[in-house]
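Asks: need coordinates for the below:
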Amino acid sequence: MEEKATVEDMAIFVCPHCGKEMDKWTIPAASSWDAEFHYVCFNDECVYFVTGWQWMREKYQANASYRHCVDPATGCSRPLPVWSADALKDQIIK
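Replies: Residues are numbered from 1 along each chain as shown. You can find the predicted model right below:
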């Protein structure tokens, strides 16, 4: 039996900071989020990610940045903290 794609499966989320298509990303098992996945901008040239390094150093003295993240079930967006350019990329759903 062939499975039909849901509207959520066909959704395309675009980062408002760089205009690139966002990746479907698996939520870590230890997370407190209810969703199975979110959409995250993993564009390393995104202004949100690039400027986040300096902002985090100035405000929190932390060597970290963040990526734009959207919960497709609610439409809520939030920063997703990262500690390197490759952090969390291993959880991208292809």
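Asks: okay, residue 64 and residue 33: tell me how far apart.
Replies: From residue 64 across to residue 33, the span is 19 Å (CB to CB, to the nearest Å). For every residue, glycine as well, the C-beta is placed using N, CA and C.
Asks: these two - which one has more neighbours?
Replies: For residue 64 versus residue 33, the count of surrounding residues by other CB atoms under 10 Å is larger for residue 64: 15 against 12.
Asks: correct me if wrong: the more buried one contacts residue 80.
Replies: No - assessed by CB atoms under 8 Å, residue 64 is found out of contact with residue 80, at 10.8 Å.
Asks: got a list of contacts for the helix ranked longest in the chain?
Replies: Longest helix of the chain, by residue count under DSSP state H: helix 47-60. With contact meaning CB atoms under 8 Å, 6 or more residues apart in numbering, helix 47-60 is reached by 15, 17-18, 41, 43-44, 62-68, 79, 82.
Asks: report the mean confidence score over that helix.
Replies: Averaging pLDDT along helix 47-60 gives 98.
Asks: starting at the chain centroid, how far to that helix?
Replies: Mean-position distance between helix 47-60 and its chain equals 16 Å (CA atoms, centre = their mean, to the nearest Å).
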